[in-house]
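1. coordinates only, sequence not included:
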């Protein structure tokens, strides 16, 4: 006669001896991929279960997708630490967890003073079946009309408050970092437009510059 499945119970937390960390529902973790050549999977723990003896511990997880794992693939505005919340749920052994990580909101990620190896951010929900995103539209910036990539330097116009990539306004990053003030072509007075054009060929600036990144 075949044995039935052993009854299981939910547990509040579990200590991973391999990394000496305690996990609980709501934590985000990095999980070992099936192929070691691939990047670690990112997941959010929804529930932890064990058998009646406290062994055979499993985690119910919701997967995050990296841009290259989505149907549309990675695009120019996707940050290197960007991931998508998904509707894909699974059950995995706790033995596949290799580290804990933090998934920040997009706004809080852009305010970090330093980004660690285990810091990620999420601004989209991804439907793993249809490839649809929520929200399906986000604010765009610069002459190139691209969403903001927090890995890229941008400068803000003091007139219209729009943000621009240095390359899109024919400026190097080094020049952008020396700017004290910046007005885009639309907001710049006509006389200063001519002056800027006359200096554009020389690519020379004696002005001290502050680095400005988008903060939302």
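-> That came in fine, so what should we check first? Just so it is clear, the structure is predicted and the values come from calculations on it, not from any experiment.
2. quickly list what the most centrally placed residue in the chain is bridged to.
-> By Cα atoms, centre = their mean, the chain has its centre lying nearest to residue 82, at 2.4 Å. Judged by DSSP bridges, the bridge partners of residue 82 are residue 121.
3. do the same with residue 126
-> Going by DSSP bridges, residue 126 is paired in beta bridges with residue 86, residue 133.
4. number of nearby residues for it?
-> Residue 126: 24 surrounding residues under other Cβ atoms under 10 Å. Every C-beta, even on glycine, is put in place using the N, C-alpha and C of the backbone.
5. how is this structure carved up into domains?
-> Under automatic domain parsing, the residue ranges defining each domain of the chain are 8-134, 139-216.
6. show the end-to-end separation of the longest one, please.
-> The reference is to domain 8-134. Taking Cα to Cα, to the nearest Å, domain 8-134 runs 35 Å from one end to the other.
7. now do stretch 27-39
-> First-to-last residue span, stretch 27-39, Cα to Cα: 19 Å.
8. now that stretch: buried residues?
-> 27-32 (16 or more other Cβ atoms under 10 Å).
9. hmm, back to that, mean pLDDT added to the domains of the chain, as a markdown table?
-> Shown next, in a markdown table, are those (pLDDT from 0 to 100):
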| stretch | mean pLDDT |
| --- | --- |
| domain 8-134 | 94 |
| domain 139-216 | 76 |
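10. which residues of this structure fall in helices?
-> When assigned using DSSP state H, the helices of the chain occupy the ranges 106-110, 173-177, 190-200.
11. name the helices or strands packed onto the first one?
-> Using 3 or more Cβ pairs under 8 Å, 6 or more residues apart in numbering; DSSP states H and E as the contact definition, the elements that helix 106-110 packs against are strand 119-122.
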